[in-house]
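[1] Could you work out the structure for the sequence below:
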Amino acid sequence: MVQRSVADMTRTPVWLLWLVLMMPVMIWSFWTAKNGSKLPFALVITPLLISSITYWVLFQWGRKPVSNKQTPPATPQSQSAINPTAESLPVRPLEAEEEKLLRNCFSWSVYYLQNIEYLPQAVICRGQLKTTSTQAYERIKNNIESQFGDRFLIIFQEGFNGKPFFVLVPNSQARKHLTTRSQEKLTKPGLALTLLFTTLVTTTLIGAQIAGIKPDVWSSNPSAILQGLPYALGLMSILGIHELGHYLTARFYKIRSTLPYFIPMPFFLGTFGAFIQMRSPVPNRKALFDVSIAGPIAGFIFTLPLLFWGLAHSQVVPLPEQKGFLDPNALNPKYSFLLGLAAKIVLGNQLTSQSAIDLHPVGVAACLGLIVTALNLIPVGQLDGGHVIHAMFGQKTAMVIGQISRLLFLLLSLVQPGVFLWAIILLFVPLMDEPALNDVTELDNKRDILGLIAMALLIAIVLPVPQAIANLLQI
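    The predicted structure follows:
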């Protein structure tokens, strides 16, 4: 998100800005891991203030000067249409003969062209749609490619006024000297394997701590560290399956993407997760939906058996007076409707209203898998859930739903204080994500139903068990 938001506006390294933004999370994680107690209010506010001020200073210190050239201002619609997966290139104004060729690409019976706008990095073609959106996009795209080759990426997007328009963006991938070089840079198996191995080490060390192996035991018995492998393998498998879901679906749609990269971290959970990067535009909303939902669904399906196995090998303990949010040594299953239901199915009458669960390391990994699934399904901006909602309802409606989701998570933090940090982070996630090339054609009913099921899954994970149902289940 930092890369997409400010990389073109400042010379300050993106990794440094990211590190400054993540510093409060690192401090809070280290405090919780060391003290195991509630964060003092001062420790919550101070790192946030220092991080925000430092980020602003570093951003301004490297801020690039604004060009004095007079260029037409870009509207929000046209800004969102520019493909961020491609390198930004200025538009060379079309000559009179070229503009005539462009106008001839728009048949009045398909898309009646009314005017052409020249923006710094795009050409906007506005008019009236006269046929189905799928037919119009394919016809116009083929006509433009027949006249201009691969000079432009052709994007079909719905405006905030409800009228679809075409956007022509310079195609950086068309440059011959980038063809082989970009392919070489795309896949880095050596880097992926190195990060995979490093993350296995860091998560194993954290898993050993979760299993009760103290650091002073490691020096006398190094093999004791291996007791952290169940946690490490469980968590990394969940994260890996999630990203493989994205990766394989992207490959199915011929979207160029990197291999999954893990992010090792020597404290907290042992990792900050994993990610892939897509290096070519998404062709349509169907592909956007499938690629986005494949990760959370694959990760959740893999998480479920680990969750049941982990709960079956966990211990029921008395519920402590001071309840910690997501404390693996005394987890209150009522924090999540789905977790509470699964715990009752597995543990049965052992689980009462005065019980907590001392989770097995695999159970800890599975609960983290549920959290990863829920966080990715939040329907805001560039998160997987944001892409899913965008594909289902269009970008305009997705932005409204994203704003409502931000407010709902702030309200949820009043009931679940543990989600307050994520509610704050959501405020910094841009509501607008990148459009597909054909961003107008709607999904079929099956995908709409699957999307609604995914949102129901999000609700089942993040909402606590209602008291009436808790009484019914006797938890």
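[2] which intervals of the protein have sub-threshold pLDDT?
    1-8, 29, 32-39, 66-93, 172-187, 218-219, 322-325 (pLDDT under 70).
[3] care to break it down by domain?
    With domains defined by automatic domain parsing, the chain comprises 1-66, 76-178, 281-475.
[4] so how far is the longest one from its chain's centroid?
    Using CA atoms, centre = their mean, to the nearest Å, the distance from the centre of domain 281-475 to the centre of the chain it belongs to is 13 Å.
[5] Excluding residues flanking it in the chain, which one is nearest the most centrally placed residue in the chain?
    Ranked by distance to the mean C-alpha position of the chain (CA atoms, centre = their mean), the top residue is residue 383 at 3.1 Å. The spatial neighbour of residue 383 that comes closest, neighbours along the chain excluded (CB to CB, 6 or more residues apart in numbering), is residue 376 at 5.9 Å. C-beta coordinates here come from the backbone N, C-alpha and C atoms, glycine included.
[6] repeat for residue 241
    residue 302 (4.5 Å).
[7] do you know how far the one you found is from residue 121?
    With the distance defined as CB to CB, to the nearest Å, residue 302 ends up 41 Å from residue 121.
[8] higher neighbour count, those two?
    residue 302 (21 against 18; other CB atoms under 10 Å).
[9] List the contacts of the more buried one.
    Residues in contact with residue 302 (CB atoms under 8 Å, 6 or more residues apart in numbering) are 237-238, 241, 369.
[10] And the strands in the protein, which stretches?
    111-119, 122-129, 152-158, 164-170, 261-264, 271-275, 315-318, 355-358 (DSSP state E).
[11] Residue 128 - how many residues pack around it?
    Number of residues near residue 128 (other CB under 10 Å) recorded here: 11.
[12] what about the closest residue to it other than its chain neighbours, how many neighbours?
    Distance criterion CB to CB, 6+ apart; nearest residue to residue 128, sequence neighbours excluded, is residue 112 at 4.4 Å. Residue 112 has 12 neighbouring residues, counting by other CB under 10 Å.
[13] Residue 112 and residue 126: what is the separation?
    From residue 112 over to residue 126 the distance is 10 Å, taken as CB to CB.
[14] before we move on, the earlier item: got the contact list for the residue nearest to residue 128?
    By CB under 8 Å, 6+ apart, the contact list for residue 112 reads 106, 127-128, 130.
[15] can you check residue 24 too?
    Listed by CB under 8 Å, 6+ apart, the contact partners of residue 24 are 47-48, 51.
[16] Which members of these occur in helices, if any?
    Per DSSP state H, helices hold the following members of these: 47-48, 51.
[17] Burial check on residue 189, number of neighbours?
    Count around residue 189 with other CB under 10 Å applied: 9.
[18] any idea how far residue 215 is from it?
    Applying CB to CB to residue 189 and residue 215 gives a distance of 33 Å.
[19] which residue packs closest to residue 311, ignoring adjacent ones?
    Leaving out its chain neighbours, residue 311 is closest to residue 346 (CB to CB, 6+ apart), at 4.2 Å.
[20] And residue 99, by the same measure?
    Nearest non-adjacent residue to residue 99, counting by CB to CB, 6+ apart: residue 116, 6.7 Å away.
[21] now swap in residue 30 and tell me
    Closest to residue 30 by CB to CB, 6+ apart is residue 267, at 5.7 Å.
[22] Roughly how far does the closest residue to residue 215 other than its chain neighbours sit from residue 269?
    Nearest non-adjacent residue to residue 215, counting by CB to CB, 6+ apart: residue 209, 7.8 Å away. According to CB to CB, residue 209 stands 11 Å off from residue 269.
[23] same deal with residue 472?
    34 Å.
[24] more crowded one of those two?
    Per other CB under 10 Å, whichever of residue 472 and residue 269 has more neighbours is residue 269, with 20 against 11.
[25] residues in contact with that one?
    Applying CB under 8 Å, 6+ apart, we find residue 269 in contact with 203, 206, 235, 368.
[26] One more pass at 7 Å, please.
    Listed by CB atoms under 7 Å, 6 or more residues apart in numbering, the contact set of residue 269 reads 206, 368.
[27] Need the phi and psi values for it.
    With angles defined as degrees, to the nearest 10, residue 269 sits at phi -100, psi 0.
[28] Likewise for residue 62?
    phi -100, psi 10.
[29] picking that back up, just send the contacts of residue 302 back as a markdown table, with neighbour count too.
    Output for these, formatted as a markdown table (neighbours: other CB atoms under 10 Å):
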| residue | neighbour count |
| --- | --- |
| 237 | 16 |
| 238 | 25 |
| 241 | 18 |
| 369 | 25 |
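[30] could you pull out the helices for the stretch 301-450 of the chain?
    For the stretch 301-450 of the chain, helices defined by DSSP state H, counting those that start in this stretch occupy the ranges 337-347, 361-377, 384-393, 395-415, 420-426, 445-462.
[31] Tell me which of the ones you listed lies nearest to residue 63.
    helix 420-426 (24.0 Å; CB to CB).
[32] So which elements touch that closest one?
    helix 395-415 (3 or more CB pairs under 7 Å, 6 or more residues apart in numbering; DSSP states H and E).
[33] One more pass at 10 Å, please.
    If contacts are counted by 3 or more CB pairs under 10 Å, 6 or more residues apart in numbering; DSSP states H and E, helix 420-426 sits against helix 14-35, helix 41-61, helix 361-377, helix 395-415.
[34] got a list of contacts for it?
    For helix 420-426, the surrounding residues in contact (CB atoms under 10 Å, 6 or more residues apart in numbering) are 1, 21, 24-25, 28, 39, 44, 48, 325, 371, 374-375, 378, 380-381, 383, 402-403, 405-414, 416, 419, 462.
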